[in-house]
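Enquirer: give the three-dimensional model of this entry:
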Amino acid sequence: MRIVPVLDIKNGVVVRGVRGNRGAYRPIETPLCAGSAPVDVMAGLDALAGPDGFPEAYLADLNAIEGGAPNLGVLDDLAAAFPKKRFWLDAGIRSAAEVERWVALGGIVPVIGSETLRSAGEMRRLAGRNVVLSLDFWGDQPLGDPALFADPALWPARVIVMTLARVGSGEGPDLDRLRAVRALADGRSVFAAGGLRNAGDLDALARAGAAGILVSSALHEGRIAAQALRHGG
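Expert: Numbers count the residues shown, from 1 in each chain. The predicted model follows:
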């Protein structure tokens, strides 16, 4: 099972995500590095995973998700510092046409968030493209076009089950929702996001069939052993 580290970026720095309350996010304080500069935080996370670091990381550009200007300078800096890393980027994509902008940067795998996508029809235009779909939830409420959640034929090969209210909460992953999405996914890789506490949760996710987990707080707080990280969970 793959562990994908998360960088939530706002106003040029990495912030600490807690329960999806983005207005309250503040620059991260972490023992992994000094300060909250994205390149430094990524380097600190990579050190946990061994000499080669993590092959991929998830970036949430909160400014872009909220309708503002994207953090292009941050993306340039990360690409220069980590040329071999694949970055899954959620930049508030609203239409299929916007995907081209991000693919052109190189090293970017666009994440299509149901929260911001204009309609399920936009996913039809992305059939066969190298994108990741994030099915976003607030509590029991799906965020976005209901048709997107009901029709797995629209889903790409990788799907994230994003439980926003559990982000940074330490309440444990939403295993029931993960299983429900996997039951519809027809062999697609399904990733969990939100609530990871410890290695026991990694085992539970693996038993539930998760392809991987997006992680932030548990890494910064040292709640997952380096051995687990270096063996993909």
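
Enquirer: CA atoms for contacts and neighbours, from now on please.
Expert: OK.

Enquirer: could I get the full set of helices for the chain?
Expert: Assigned by DSSP state H, the chain shows helices spanning 38-48, 62-65, 72-81, 96-103, 121-124, 146-150, 175-185, 199-207, 217-220, 226-230.

Enquirer: got the angle for the lengthiest strand in the chain vs helix 199-207?
Expert: As assigned by DSSP state E, the longest strand anywhere in the chain is strand 2-10. Per axes from the mean of the first three to the mean of the last three Cα atoms, to 10 degrees, the angle that strand 2-10 makes with helix 199-207 is 110 degrees.

Enquirer: can you give the distance of strand 2-10 from its chain's centre?
Expert: Put simply, strand 2-10 sits 6 Å off its chain's centre (Cα atoms, centre = their mean, to the nearest Å).

Enquirer: next, the buried residues of stretch 194-210.
Expert: For stretch 194-210, burial by neighbour count (16 or more other Cα atoms under 10 Å) applies to Gly194, Gly195, Leu196, Arg197, Asn198, Ala199, Asp201, Leu202, Leu205, Ala206, Gly209, Ala210.

Enquirer: pLDDT and distance to Phe54 for those residues - can I get that in TSV?
Expert: Shown next, in TSV, are the buried residues of stretch 194-210 (pLDDT from 0 to 100; distance: Cα to Cα, whole Å):
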residue	pLDDT	distance to Phe54
Gly194	82	19
Gly195	84	20
Leu196	89	18
Arg197	88	19
Asn198	88	18
Ala199	89	18
Asp201	92	20
Leu202	93	17
Leu205	95	19
Ala206	95	19
Gly209	96	21
Ala210	97	18
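
Enquirer: of those residues, which is the nearest to Gly50?
Expert: Ala199 (17.7 Å; Cα to Cα).

Enquirer: OK, contacts around that closest one?
Expert: When contacts are counted by Cα atoms under 8 Å, 6 or more residues apart in numbering, Ala199 is found next to Arg223, Ile224, Ala225, Ala228, Gly233.

Enquirer: tell me how far it lies from Gly35.
Expert: 27 Å (Cα to Cα, to the nearest Å).

Enquirer: hmm, back to that, using a markdown table, lay out the helices of the chain together with distance to Asp136.
Expert: Output for those, formatted as a markdown table (distance: least, Cα to Cα, whole Å):
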| stretch | distance to Asp136 |
| --- | --- |
| helix 38-48 | 24 |
| helix 62-65 | 13 |
| helix 72-81 | 23 |
| helix 96-103 | 18 |
| helix 121-124 | 15 |
| helix 146-150 | 9 |
| helix 175-185 | 11 |
| helix 199-207 | 18 |
| helix 217-220 | 19 |
| helix 226-230 | 25 |
